[in-house]
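Q: Quick one: sequence plus predicted model below, questions after.
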Amino acid sequence: MYILAIETTGAFASVALMKDDKIIGHVSGNDRFSHLQNLMPQVEAVIKENEMSIGDIDLIAVSNGPGSFTGIRIGVSTARALSQILDIPCVAVPSLDALALRGFEYAKGNTLICPMLDARRSQVYAGGYYIKDGYPVEEIKAGPYMLDEFLAKAAGYQRILVLGDAMDKYADKMAEIRPEGTLDVPEDIRYQDASCVAALGAKIYAENGGLSYNEVQPEYMRIAEAERKLKEQQAKG
C-alpha cells in the first residue's frame, strides 16, 4: 500500500510517501507558511522521485489539526480534493499525536512527551503522551490550555519533553513556571512532519479503516480569532 501523507499545521509544509510501513520519499519546505504555493509541487516531487504516478497512491493521510488555522484548511482541502479525484480513502491524523511521535527516540525512561503549539495570548494546544509499542498514548488530554494551566497538569511528572513552536515563544516562561526544567529536542525534529503523519495514518487505517473525502474535517480545537471577535460584537448588539 502506498500512503501519501500531508502536514501543513505548522510553519513548514511537508509531504511523505510510505510503502508497507517504510518511508520511501519525503519533502519538506523551507519557507514559512508558504503551503498554498508549495504543497502540490511537494506532492508532485515526492511521487516523481519514486518514478510513480499520482494514480498509484492508495491512501491519503492528512494532519487535520490543531495548529495554524490557514494551514489546516489548506492541508485538509488538498487531501479531500486528491481523495475525491483519485477515488481513494483518507485518514485524519491529530497533529499533536503525530508530533508526539517525533519525540520517541528522545523520550528516555519515564519521560512525558508534551507537544505544545502556540495558540497566542499565552495559550497553547497541548497534550501529554507516553510511547507504548511504538505509538503515542494520551496521558494528559490533548486540547487548548492556558500555558500555566497545562504546565500545572504536567507538574507531577518529573521529566517532560517539549516539542512544537510553543517552545520558541514561551521557553523563558516555561522555565519560570517549571524551575525543575523541561527537556528540549533539536530544532530539526521539534516541529510537525509528514513522516509521522504517515506512520500514524497507517495505524489508524489498519484499526479503523478510511474515510471518504467529505468525512475529513479540520480540528481547530477553538474558534478562529476573527470568529471570536464577531461573536463578541454580536453579543454586544
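A: Arrived safely, thanks for sending.

Q: Give the other helices and strands that the helix ranked longest in the chain contacts.
A: When the chain is scanned for its longest helix (criterion: DSSP state H), the result is helix 69-86. Helices and strands touching helix 69-86, by 3 or more Cβ pairs under 8 Å, 6 or more residues apart in numbering; DSSP states H and E, are strand 2-7, helix 35-48, strand 59-63, strand 90-93. From N, CA and C alone the C-beta is placed, and that goes for glycine too.

Q: What's the local residue count around the closest residue to Arg159 other than its chain neighbours?
A: Closest residue to Arg159 apart from its sequence neighbours, by Cβ to Cβ, 6 or more residues apart in numbering: Thr111 at 4.3 Å. Neighbours of Thr111 under the rule other Cβ atoms under 10 Å: 18.

Q: Check Ile74 too.
A: Look at Ile74: counted by other Cβ under 10 Å, it has 19 neighbours.

Q: List the contacts of it.
A: By Cβ atoms under 8 Å, 6 or more residues apart in numbering, the residues touching Ile74 are Thr8, Ala13, His35, Leu36, Leu39.

Q: partner strands of the longest strand that the chain contains, parallel or antiparallel?
A: When the chain is parsed with DSSP state E, its longest strand is strand 135-146. If you go by DSSP bridges, strand 135-146 pairs up with strand 123-132 (antiparallel).

Q: I'd say Ala13 and Gly71 touch.
A: Yes - with contact defined as Cβ atoms under 8 Å, Ala13 counts as touching Gly71 (7.5 Å).

Q: Ile140 against Ala154, yeah?
A: Yes - with contact defined as Cβ under 8 Å, Ile140 counts as touching Ala154 (6.6 Å).

Q: related to what we said a few turns ago, what residues are shared contacts of Ala13 and Gly71?
A: Shared contacts of Ala13 and Gly71 (Cβ under 8 Å, 6+ apart): His35.

Q: who has more neighbours, these two?
A: More neighbours surround Ala13 than the other of Ala13 and Gly71, with 30 against 25 (other Cβ under 10 Å).

Q: Is it correct that the residue nearest to Arg159 is in contact with Leu161?
A: Yes - with contact defined as Cβ under 8 Å, Thr111 reaches Leu161; the gap is 5.2 Å.
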